[in-house]
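# got a predicted structure here, sequence first:
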Amino acid sequence: MSEDLISQIIENVLQGRRNKNDEGLDDDLTGQPGVVELVEEGLQQGVDVEKILVDGLSHGMNLVGEKYEKGEYFIPDMLAAAEAVGEAMEVLEPHLASGEGARESKAKVVMATVEKDQHDIGKNLVCIMLRGAGFSVVDMGVNVPAPRIIETMKEENAQILGLSALLDTTMPFMAQTIEELEKEGIRDKVKVMIGGAPTSEEFAREIGADAHGKDAFAAVKIAEKMTTEGGR
Ligand code: B12
């Protein structure tokens, strides 16, 4: 039953359908439940929240990415899917954040998508999972210039910084942010993790980040390690 629901979520992400009023890309699907309604149904049925998030929404979005790469989808298709996933994540978030881990706050994490980059689905997913695991998360949003990130790290007295970039062209802003942390004399007080499709372990080492996470699960593991061991 839950597998069936997950496939329906994926299918509707691919169709870019937020709710029952949306038509979808192929046939006219108006009237059938969209991503938001399916997610609500999953919650009512007691389907695991992380399963909905990772196997449904995130996986669906990755398939959209593949279709875009093959030239089968165009930007408006990506955008429709992204909006549907974003809205459904808002429905899911309170359910994760009220989970077991949420009672203790492990550490404060500042999360940002770097300057000139508007991609936020992956970052939002990381924020949701971190909150669910009991971290206190300050989400700075997208297109955040390095100086603002540094300011917020100081104001919030955060222990961990998570940077996201989805474009080759915005990866250098990750390096710039780390340089600014050094200039401001707070690099040794914070741990930096980076992520996003074009980033890698190697790139993380190159720019002096403490860790690279390939997905939201990795982000949680890294943040936990950073908190307990205080290191890489
Ligand atoms: C959706 C999408 C969009 C949406 C974004 C909507 C939104 N609100 O985010 C829209 C339509 C706006 C968009 C716009 C553009 N996009 Co776009 N987009 C995508 C797409 C299809 C999916 C990205 C996504 O959401 N993936 C799903 C999430 C769940 O995965 P994720 O982001 O990778 O995140 C996971 C991990 O990476 C990791 N993670 C992420 N961040 C972090 C941070 C930390 C700290 C950690 C530990 C882990 C971590 O955990 C996440 C969860 O598991 C990708 C294709 C792809 N294959 O990635 C292209 C893609 C990223 N886009 C691309 C391009 C070129 C653009 C545009 C320039 C297109 C244009 N010509 O206008 C613009 C740029 C806008 C801008 N200035 O940012 C290219 C980038 C190429 C490159 N290598 O530079 C891609 C790869 C598509 C392609 N093959 O050409 N895009």
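It's in.

# any idea which helix or strand carries the residue nearest to Leu166 when sequence neighbours are not counted?
Nearest residue to Leu166 in three dimensions, chain neighbours excluded: His119, at 3.7 Å (C-beta to C-beta, 6 or more residues apart in numbering). C-beta coordinates here come from the backbone N, C-alpha and C atoms, glycine included. For His119, there is no enclosing helix or strand under DSSP states H and E.

# with the one 10 residues further on instead?
Assessed by DSSP H and E, Met129 sits inside helix 121-132.

# coming back round to it: please verify my assumption that the residue nearest to Leu166 contacts Gly141.
No. Applying C-beta atoms under 8 Å as the test, His119 and Gly141 come out as separate, 11.4 Å apart.

# am I right that Gln118 is in contact with Val144?
No. Using C-beta under 8 Å, Gln118 makes no contact with Val144, being 10.9 Å away.

# what sits up against the longest helix anywhere in the chain?
Counting by DSSP state H, the longest helix found in the chain is helix 75-97. With C-beta atoms under 8 Å, 6 or more residues apart in numbering as the test, helix 75-97 has contacts from 9, 12-14, 16-18, 22, 25, 34-36, 38-40, 43, 49-50, 52-53, 57-58, 60-61, 64-65, 67-68, 120-121, 124-125, 128-129, 131-132.

# just the residues you listed that are near the ligand?
58, 61, 64-65, 68, 120-121, 125 (C-beta under 6 Å from any ligand atom).

# which of these has the most neighbours?
Using other C-beta atoms under 10 Å as the neighbour criterion, Val64 leads those with 25 neighbours.

# run a quick neighbour tally on the residue nearest to that one when sequence neighbours are not counted.
Leaving aside its sequence neighbours, Val64 sits nearest to Ala81 (C-beta to C-beta, 6+ apart; 4.4 Å). Using other C-beta under 10 Å, Ala81 has 29 other residues around it.
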